[in-house]
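1. Using only what follows, build the 3D model:
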Amino acid sequence: DNDLDEMTIQIVIKPDAVSDHRSLISFQSSDGTKKFGIMLKSSKINAWAQNTGNSSNFVGTSTGSTISNSTWYHIVATVNNLDDNTVAPSVSLWVNGVKQAGAHNSGDVIWKASRIGFADNDESGSITAVYYNGHISQIAIWMGNITQNQIAGLYMGGKPRSALNVSRGGLMRHTSNETS
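-> I've put the predicted structure just below:
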């Protein structure tokens, strides 16, 4: 499906190596022109989106400060206007319930269509296969955006709640099993 116009991703992570350049979760439209994801890069969490049909096709944001190994992070990212070729898409990122405003780390984005913790593509073509090193839990995907209050409710002051508690239509997928 090419309809990635509005989407929200939640993922809870505990990285073992934050300095690595690793994809956490990413999606691609069936025609390959629209991409959205969350990745670790230069010890920061980055959310990004790209529409290759738009001249202002790439946007991203990141944590303003670095993150640490062996610490749990609740991450929510939203994208808007990804299907619109007339305006640039917008991406927002929350970590532990706080909206982030850091600049996107420059350089290659790594991704794999609809994958969690794995990537084998980057903009330069230099990555063959990389895996995220750490734990992943509480993955949820909504077609549409959830509100700041819903994000705060999901984080619950450091004890992330199930995404099933968000009364927003469009919850597509949810898992609460921890993997590494």
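2. C-alpha from now on. contacts and neighbour counts both.
-> OK.
3. which secondary element of this protein has the worst mean pLDDT?
-> Ranking every helix and strand in the chain by mean pLDDT, DSSP states H and E puts strand 171-175 at the bottom, with a mean of 51.
4. Quick check: end-to-end length of stretch 13-23?
-> Stretch 13-23 has its terminal residues 12 Å apart, counting by Cα to Cα, to the nearest Å.
5. Can you pull out the residues in contact with that stretch?
-> Contact with stretch 13-23 is made by 37-44, 67-75, 110-111, 116-119, 130-137, as judged by Cα atoms under 8 Å, 6 or more residues apart in numbering.
6. and the gap between residue 80 and residue 51?
-> For residue 80, the distance to residue 51 - Cα to Cα - is 11 Å.
7. which residues touch the residue found closest to residue 95 once you drop the neighbours it is linked to in the chain?
-> Leaving aside its chain neighbours, residue 95 sits nearest to residue 75 (4.7 Å; criterion: Cα to Cα, 6 or more residues apart in numbering). Neighbouring residues of residue 75 by Cα under 8 Å, 6+ apart: 10-13, 93-97.
8. With pLDDT, distance to residue 20 and neighbour count as added columns, please give these in CSV.
-> Shown next, in CSV, are those (pLDDT from 0 to 100; distance: Cα to Cα, whole Å; neighbours: other Cα atoms under 10 Å):
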residue, pLDDT, distance to residue 20, neighbour count
10, 92, 21, 24
11, 92, 18, 23
12, 91, 17, 23
13, 92, 14, 21
93, 95, 20, 27
94, 95, 20, 24
95, 95, 18, 20
96, 93, 21, 21
97, 92, 24, 23
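9. hang on, residue 149 in a strand?
-> No. Going by DSSP: H, G, I helix; E, B strand; the rest coil, the assignment for residue 149 is helix, not a strand.
10. Report the separation between it and residue 94.
-> 12 Å.
11. Kindly report the same for residue 69.
-> 18 Å.
12. list the contacts for residue 38?
-> Per Cα under 8 Å, 6+ apart, neighbours of residue 38: 23-26, 45-48, 77.
13. what are the bridge partners for it, then?
-> Using DSSP bridges, the beta-bridge partners of residue 38 come out as residue 25, residue 47.
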